[in-house]
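Student: just need the structure, nothing else, for what follows:
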Amino acid sequence: MREEFAYGRVSTESQNLDIQVDRFKLLGIKEENIFVDKDSSKNDDRKELQKLLSKLRKGDKVVFYDLTRLGRNLRYLLTLVDTFYEIGVDFQDLSNPFINTESTRTSEGELIFLIFGALGQYFRKSSNEKVKAGLEAARRRGKKGGRPSGPSERLKEVAPHVVVMHKNPDTSIKDIMKAFGISQGSVYKCFSIEKYDYKKQHKNVGNKNAAYKY
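Tutor: Down below sits the predicted model:
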């Protein structure tokens, strides 16, 4: 019996897979047949992709959000397509409908596939080179890469209001977190920004509303 499978991928933990997964579900693909990786496409040993490949049988179909999600290394893309052909599996790029099993069997379709695969590889390498060049330029100027140190501008902005709110004996840390949409650690950072001695102001009663010391 023919089964339909889907493969999705994002490069980092911070990126969201929801758009890809929602698209797969709209096509009626069963949840257990959806495989997703949070990993760089340059890694050929992606765990979920390998699981998917092990389940494929002749006559099955694989869909992916776009070719760059399947991989941005042209050589590996060609290897995957050869694998699909060998097993007898159909495939479909949802973002570029003209990239599919039938089209890639024609000379024009194969050319389009190669162009898109080569472009994905080019943009990945180009992006990496620009990042490296930017970091090197920053190092030459005595700057270090990564997030800037110190509190964010938003925390500096809300810090006075956080302190005012905390001075209310009926207000808890959780109340402040909810009001400003910040973490517990950020609340204490706000106290530090304002040089506010919160320990003298309130008793520490865990998660319960704080009360003034008398």
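Student: where does this protein have low pLDDT?
Tutor: 12-15, 40-45, 72, 101-150, 201-214 (pLDDT under 70).
Student: check it for its longest strand and report it.
Tutor: When the chain is parsed with DSSP state E, its longest strand is strand 4-10.
Student: what's it packed up against?
Tutor: Under the contact criterion of 3 or more Cβ pairs under 8 Å, 6 or more residues apart in numbering; DSSP states H and E, strand 4-10 touches helix 18-26, strand 34-38, helix 47-55, strand 61-64, helix 67-70. Just so you know, the C-beta spots here come from the backbone N, C-alpha and C atoms, and that holds for glycine as well.
Student: and the contacts of the first one?
Tutor: Right, the one you point to is helix 18-26. 6, 8, 9, 10, 31, 34, 36, 63, 65, 69, 94 (Cβ atoms under 8 Å, 6 or more residues apart in numbering).
Student: circling back to that earlier point, with distance to residue 79 and mean neighbour count added, can I get the helices and strands packed on strand 4-10 in TSV?
Tutor: Converted to TSV, the helices and strands packed on strand 4-10 look like this (distance: least, Cβ to Cβ, whole Å; neighbours: other Cβ atoms under 10 Å):
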stretch	distance to residue 79	mean neighbour count
helix 18-26	22	14
strand 34-38	17	19
helix 47-55	11	15
strand 61-64	14	22
helix 67-70	11	21
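Student: among these, which is nearest residue 167?
Tutor: Evaluated over the helices and strands packed on strand 4-10, closeness to residue 167 peaks at helix 18-26, with 40.3 Å, by Cβ to Cβ.
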